[in-house]
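Novice: Output the structure for:
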Amino acid sequence: MAGSNGQFEQHNSTAAGHNAQFSGISRLKPRCFSLFDAHCDTLTEFGAGGQTLYDAPTHFNVKKQLAYGQYLQVADIWVDSKKHDVDDRVENYIDEFYNQLDILKKLGSAGTAEYPEGFDVALIRSSEDIKEFYGEIDGGESAGSAAKKPKAGFLLGIEGGECIDGDAAAFYGGETGSGQFCTLKKLYRLGVRLITITWNTPNKMSDTNATANPAPGLTEFGRAAIKEMNRLGIMIDLSHISDAGFRDVIELSGKPVIASHSDSRTLCPHPRNLTDDMFKALIKKGGVAGINFCTGFLGGSADLTQIIRHIEHFASLGGIKNIGLGSDFDGISELPGGIEGAQSMYKIIDALLKLNYTEEQAEGIASGNFRRVFEEVLPPVEMLKNGKKLTPEEA
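Specialist: Residues are numbered from 1 along each chain as shown. Next comes the predicted model:
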């Protein structure tokens, strides 16, 4: 998340044979390839006053999303215990998320000026949901082909583990069984499928990489929470966490984890970025790092070329299958040169193809690598209750 406090996103070696200079002339057509963006803050930033996620004047909106045919967006609720009543904020934005989904489904059924044939809207809660969204089951088309209707997919996340701080009292109070992690389980039942362990404010699970002194890593409660997220099928996101916390989670988690929006610290020495050793540990864990478009984390020219440089560097470490996109749209106050918003995502894939990345490698970065890890971590559909979102009372 970015923009609010004016510090970058803190709220308002090149691979062999590749050359990061390119013309930017697209070889691709809309709807010819799929996308998966692991982080944006549009949900908490797009505003009210009659605006909808369909056409809000933001970096990301659904009108832009639909041009790609199959584009899955992790929609994050940013929380900070220093600024927010966290429980109220989470509850309100979960309600708003489902309100926006209802609006989008009605627009999709009726059709719009841009998409008169209509479009589909999908909520991703299970591994099967991802496969169905990308056309891998139920007789769907192959992952890279154009669908009969464009699809807008959403997965609900929370950026800031203080969303489950309330569970710490029961944990340290010795409660066991159903008494533990009531808040986390409620969020799971309400559709949350990703939690970024920290933002910039320490919470009951861990310290952050914004802390001045060396951070101690995961707390005892944090360790238990990691295991519970593994059990439920909630993706663990390590962007923002302290280096010690990163290492603790890598060692402890029984499933792959991600850094949804983090760049290379070798290319830009900011603590929000990943060291080479951290990225190599992510590779061994089977996880993925999403390239963040924040200019302060890209460094250098802070343009499309620099995005490619970070991809190239991670690829040079043996991580071609562990790189994705984590734009941080609407969480950053400044976009890199050449990127105007979600409508520009194709330029990254186009640039990779011009640098002689194979179509398989480019597709992996565009969507396939994140798809793989989420399919592995998210719960199977049979674990879901009644296939619907529960009200707070039902939860």
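
Novice: Please state the offset of the longest helix anywhere in the chain from the chain centre?
Specialist: Ranked by number of residues, the top helix in the chain under DSSP state H is helix 86-110. How far helix 86-110 lies from its chain's middle: 18 Å, per C-alpha atoms, centre = their mean, to the nearest Å.

Novice: Okay, now the unreliable bits of the stretch 151-300 of the chain?
Specialist: For the stretch 151-300 of the chain, the stretches flagged by pLDDT under 70 are 212-215.

Novice: please redo it, this time with the cut-off set to 80
Specialist: Applying pLDDT under 80 to the stretch 151-300 of the chain flags the ranges 177-178, 211-215.

Novice: list the helices and strands whatever helix or strand residue 248 lives in packs on?
Specialist: Using DSSP states H and E, residue 248 maps to helix 243-252. On a contact count with 3 or more C-beta pairs under 8 Å, 6 or more residues apart in numbering; DSSP states H and E, helix 243-252 meets helix 220-232, helix 276-285. The C-beta positions use only the backbone N, C-alpha and C, and glycine is treated the same way.

Novice: If we go by neighbour counts, what in it is buried?
Specialist: Buried residues in helix 243-252, counted by 16 or more other C-beta atoms under 10 Å: 243-250, 252.

Novice: Let me have the residues you listed in JSON lines, adding distance to residue 347 as columns.
Specialist: Putting the buried residues of helix 243-252 into JSON lines (distance: C-beta to C-beta, whole Å) gives the following:
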{"residue": "243", "distance to residue 347": "32"}
{"residue": "244", "distance to residue 347": "37"}
{"residue": "245", "distance to residue 347": "34"}
{"residue": "246", "distance to residue 347": "30"}
{"residue": "247", "distance to residue 347": "35"}
{"residue": "248", "distance to residue 347": "37"}
{"residue": "249", "distance to residue 347": "33"}
{"residue": "250", "distance to residue 347": "32"}
{"residue": "252", "distance to residue 347": "38"}
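
Novice: Let me see the ranges of the helices in the stretch 251-395 of the chain.
Specialist: With DSSP state H, counting those that start in this stretch, the ranges of helices along the stretch 251-395 of the chain come out as 276-285, 295-298, 304-316, 345-354, 359-363, 369-377.

Novice: Give me the mean pLDDT for the fourth one.
Specialist: In other words, helix 345-354. For helix 345-354, the mean pLDDT works out to 94.

Novice: what do you get for stretch 85-105?
Specialist: Mean predicted lDDT for stretch 85-105 stands at 97.

Novice: With only the CA atoms kept, save it in CSV.
Specialist: Provided in CSV are the C-alpha atoms of stretch 85-105 (Å, rounded to 0.1, in the frame of the first residue of the first chain):
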residue,chain,number,x,y,z
ASP,A,85,-10.1,1.2,14.0
VAL,A,86,-8.9,-2.0,12.4
ASP,A,87,-12.0,-4.1,13.1
ASP,A,88,-14.4,-1.5,11.8
ARG,A,89,-12.3,-0.8,8.7
VAL,A,90,-12.1,-4.4,7.8
GLU,A,91,-15.8,-5.0,8.3
ASN,A,92,-16.7,-1.9,6.3
TYR,A,93,-14.4,-2.7,3.4
ILE,A,94,-15.5,-6.3,3.2
ASP,A,95,-19.1,-5.1,2.9
GLU,A,96,-18.0,-2.6,0.2
PHE,A,97,-16.1,-5.3,-1.7
TYR,A,98,-19.2,-7.5,-1.9
ASN,A,99,-21.3,-4.4,-2.8
GLN,A,100,-19.0,-3.7,-5.7
LEU,A,101,-19.1,-7.3,-6.8
ASP,A,102,-22.9,-7.1,-6.9
ILE,A,103,-22.8,-3.9,-9.0
LEU,A,104,-20.3,-5.5,-11.4
LYS,A,105,-22.3,-8.6,-11.8
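
Novice: Not counting that stretch itself, show me its contacts.
Specialist: 43-44, 52-54, 62, 75, 77, 79-80, 121, 123, 152, 154, 156, 158, 160, 162-163, 165-166, 187, 190-192, 389, 392 (C-beta atoms under 8 Å, 6 or more residues apart in numbering).

Novice: Quickly check the buried residues of helix 243-252 for the two that are furthest apart.
Specialist: Distance extremes for the buried residues of helix 243-252: the farthest pair is 243 and 252 at 15.1 Å, using C-beta to C-beta.
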